[in-house]
Every structure is written in structure tokens, then in C-alpha cells.
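Trainee: This is a predicted model, with the sequence first.
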Amino acid sequence: MNANWIFSIAGIGLTLAAAGQQSLDSAYRTTGTAVVAAFEAQRQILQTSSAVMLDGRKEIGYGVVISADGHILTKASEVLDVKALAVTVDQAHFREVRVLAVDPAWDVALLKIEADGLVPVVYAPTSAVPQGTWVVANGATTRTARRLLAGIVSAKIREIPASGGAALGVVLNGKSKFLEVDDVNEKSGAKEAGLQKGDVILSIEGKKLKKIEDIAEILKDRKAGSTVKMTYRRKGAEITVDVRLAARGEMFTDQMNRNDEMSGEFSPRRSGFPRVMQHDILGSKSVVGGPLLDLDGRCIGMNIARANRAESFAIPVEDLHELSGRLLKQAEN
């Protein structure tokens, strides 16, 4: 057989293989009906032990049911400013939702609805599973049923540092001889703490400030999500507040790189987490907040951020278990 025949046959084989891949029945693709049906047992757990977060009728995220009487964990930054926050668990709808506690470092809020007989998640014994392990999470939902998405654990557990470092979120007036606030970022902890244009920053953590470099020196080793005690002057009165530090890169989400432009939707906050599991489940930013399940239906983590088209982050179960206990105790005090 001559070389031309060999190349011709090889070419036909490659063409047929490519055609076969392209013609894969939709039922057997990642989100196909046959694949989804294989995870029906896990979907049933999502149905009863994950909560849908709503802004009026609009679905904005999910939550993890952690007690039979209505305690739910969710992604804080997605729900704290929602005025018409409502929750659906299974097919029951709750319009009265209280925020009991918040952990800024993890971006997690503890919510409470008036309910009984809910089915809390069962925590997996460990998040230390091999890369390639199958996991399941919420996809979009219908009015009555949870849908699911499946994928695999795709990287080792690690810290995700704050994008661009931690910052107060204020712009100072360069013409003033004081540290006078000229603007406050709408997504910043300074905005949450009530700072306004014209306020003069006097001290942070008890250290008096004279120039902008003093602020940078104090904040250089601090992480996004942590808080600092700040004293400022407004109309002659000195006011002291706790200010949450935000990630610089996430206060300016309109400044996207090429990867972001290709990624579709991603979470406004997607960095500054102490530890995360990474998985490749497809989805938009609205699917965060709910449980990440293993194939036994146990909660191996809580989805906390959609980072880009190939990466989603979850809080590992060990950290989630500790966090839930701490927030429940905080809510009791």
C-alpha cells in the first residue's frame, strides 16, 4: 500500500471520528436528558435540601438548608441588598426572610424562614476527594422542580487571594490637605459603613493617619472580607465604624480582560476566599449559593462563586460545617 493510500485512509478515519463526535445524540451530552436522569437520586436531594433565592419572582441564587426549622446558608453579596427577598424550599414559598448573621470573609449569610420539617443537608465526611470525582449542583429551576448540573472536581483545594488586594473603596480628594473622601465606590465596605463625600478619615485601627501612604501601609497585609475599625470626621463630629475591606478587582467589574469577555456571566465577587474546591460544572452566576453534592447525595461543599467559563468555586465541607455552627451561635447572641 503506497503512502497516498495510507494518508487517504487516515484522513477518512479522522473525518468519520470527527463526524461521530459532532453527531453525538443530545441526550448523552453533559446536560442531556440521559445524563441528567443518571443523577435523579441527587436531584431529589437538591429538591428538598437546597433553597431557591428570589427577588420577587426572579431567581437570583440558591441556598443550603441546614436545619429542619428554617436556617439556610447562602451567598451574602447576592442577597443582602435585595428588597423583595423570598425563598422557595421544595415547593413551599416563604416571603418572610430574616438575615441573622453574615461572614464577610467567606461571603456567606445565615437566613431564617419560619418553617418546620425541612430536610437539612447531610455533610460529607471530607472534601479531600481525587480530582475527577463527580459532583452535582443546582442548575436552573422550574417553578416547582430543581434541575441539576453535573461535573467533576477539577483542581486541588486552595486559597483564592483577593483580586488586586484589599481596599476601603474610597477615592480621596488630592487637593485637600486632609484625607478627605471625594467619592465612595457603590460596591465597597465604605459605602456599607455609611461614608460620604466630604468625610475626613482620621485613623484606622487606632493609628492616626497623615497621608494616603499611611492607609496603604495598614492595609497591605489584610485580606478582602476582613474588617477594620475606622474613625472619620463629619461636620465636626468624630464617628467610628467597622469597614469591610473589599477586593479592588471586584469593585470595578466593568474592567474586563479577554478571558472575562469570553466567559459569559461570572460572580461579582469571585476571589478573596480562604479555601475553595474547584469544579467544572457549567452555569451562570445565579446558580451559586447552593450545595455541592457527591454521588452519595452528601453535601461536600457550598457553591460560592462562578469564576469563569471553566471554573466554579465551592466552600469545602469542613469549612462550611464550622462556618454554619459559628453563624448559628452568633445569631443566638
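Mentor: Yes, it's here. Numbering: from 1, shown residues only.
Trainee: Just give the number of residues close to L328.
Mentor: L328 is flanked by 16 other residues according to other C-beta atoms under 10 Å. Heads up, the C-betas are built off the backbone N, CA and C, glycines and all.
Trainee: For it, give me its contacts.
Mentor: Residues in contact with L328 (C-beta atoms under 8 Å, 6 or more residues apart in numbering) are I66, S67, H71, A101, L110.
Trainee: There's contact between the fourth one and A109 in this structure, I believe.
Mentor: Yes - using C-beta atoms under 8 Å, A101 is in contact with A109, at 7.3 Å.
Trainee: Report the buried residues of stretch 57-74.
Mentor: For stretch 57-74, the neighbour count (16 or more other C-beta atoms under 10 Å) marks 59-66, 70-74 as buried.
Trainee: Check stretch 133-146 too.
Mentor: Judged by neighbour count using 16+ other C-beta under 10 Å, the buried positions of stretch 133-146 are T133, W134, V135, V136, A137, N138, G139, T141, R146.
Trainee: Also stretch 150-157?
Mentor: A150, G151, V153, S154, I157.
Trainee: ditto for stretch 26-41
Mentor: Of the residues in stretch 26-41, V36, F39 count as buried by neighbour count, 16+ other C-beta under 10 Å.
Trainee: Other residues contacting it?
Mentor: So stretch 26-41 is contacted by D25, R43, V136, G139, R147, L148, L149, A150, G151, L282, G297 (C-beta under 8 Å, 6+ apart).
Trainee: Now the phi/psi pair for the first one, please.
Mentor: Backbone torsions for D25, taken as degrees, to the nearest 10, come to phi -60, psi 140.
Trainee: ok, now how distant is it from I304?
Mentor: Here D25 is placed at a distance of 34 Å from I304 (C-beta to C-beta, to the nearest Å).
Trainee: More neighbours: these two, which one.
Mentor: When D25 and I304 are compared for neighbours, I304 comes out ahead with 28 against 9, by other C-beta under 10 Å.
Trainee: So that one, which state does it fall into?
Mentor: Of the three states, I304 takes strand under DSSP: H, G, I helix; E, B strand; the rest coil.
Trainee: for V153, same thing?
Mentor: strand.
Trainee: quick one: low-confidence ranges for this structure?
Mentor: For the chain, residues meeting the criterion pLDDT under 70 lie at 1-23, 28-31, 252-264.
Trainee: Show me it divided up by domain.
Mentor: Domain segmentation of the chain under automatic domain parsing yields 35-158+272-332, 166-250.
Trainee: now for those domains, which one comes closest to E265?
Mentor: The closest of the domains of the chain to E265 is domain 35-158+272-332. By C-beta to C-beta, the value is 4.3 Å.
Trainee: how far does that closest one sit from the chain's center?
Mentor: Offset of domain 35-158+272-332 from its chain centre (C-alpha atoms, centre = their mean, to the nearest Å): 9 Å.
Trainee: which outside residues touch stretch 83-96?
Mentor: Stretch 83-96 is contacted from outside by 47-48, 50-56, 63, 65, 70, 72, 79, 97, 111, 113-115, 118, 144, using C-beta under 8 Å, 6+ apart.
Trainee: Then stretch 167-185?
Mentor: Contact with stretch 167-185 is made by 187-191, 195-202, 209, 211-212, 215, 219, 228, 230, 232, 243, 245-248, 251-252, as judged by C-beta under 8 Å, 6+ apart.
Trainee: what's the answer for stretch 266-275, then?
Mentor: If you take C-beta under 8 Å, 6+ apart as the criterion, stretch 266-275 is touched by 75, 77-78, 105-107, 157-163, 166, 187, 223-225, 247, 249-250, 253, 260, 285, 288, 304-308, 313, 315-316, 319.
Trainee: Quick one: end-to-end length of it, please.
Mentor: 19 Å (C-alpha to C-alpha, to the nearest Å).
Trainee: Buried residues, that stretch. List them.
Mentor: By 16+ other C-beta under 10 Å, the buried positions in stretch 266-275 come out as F266, S267, R269, R270, S271, G272, F273, P274, R275.
Trainee: so how many other residues sit close to the residue nearest to the first one when sequence neighbours are not counted?
Mentor: Yep, that's F266 we're talking about. The shortest distance from F266 to any non-neighbouring residue, by C-beta to C-beta, 6 or more residues apart in numbering, is to R306 (5.1 Å). As a burial measure, R306 scores 23 neighbours (other C-beta under 10 Å).
Trainee: any idea how far D221 is from V228?
Mentor: Distance, D221 to V228, using C-beta to C-beta: 12 Å.
Trainee: Looking at the two, which has the bigger crowd around it?
Mentor: Comparing D221 with V228 by other C-beta under 10 Å, the one with more neighbours is V228, at 19 against 8.
Trainee: What helix or strand is the more buried one located in?
Mentor: If you go by DSSP states H and E, V228 is part of strand 227-234.
Trainee: Strand partners (parallel or antiparallel) of that strand?
Mentor: strand 200-204 (antiparallel), strand 237-244 (antiparallel) (DSSP bridges).
Trainee: from the contacts of stretch 167-185, which ones fall inside strands?
Mentor: V200, I201, L202, V228, M230, Y232, V243, A246, A247 (DSSP state E).
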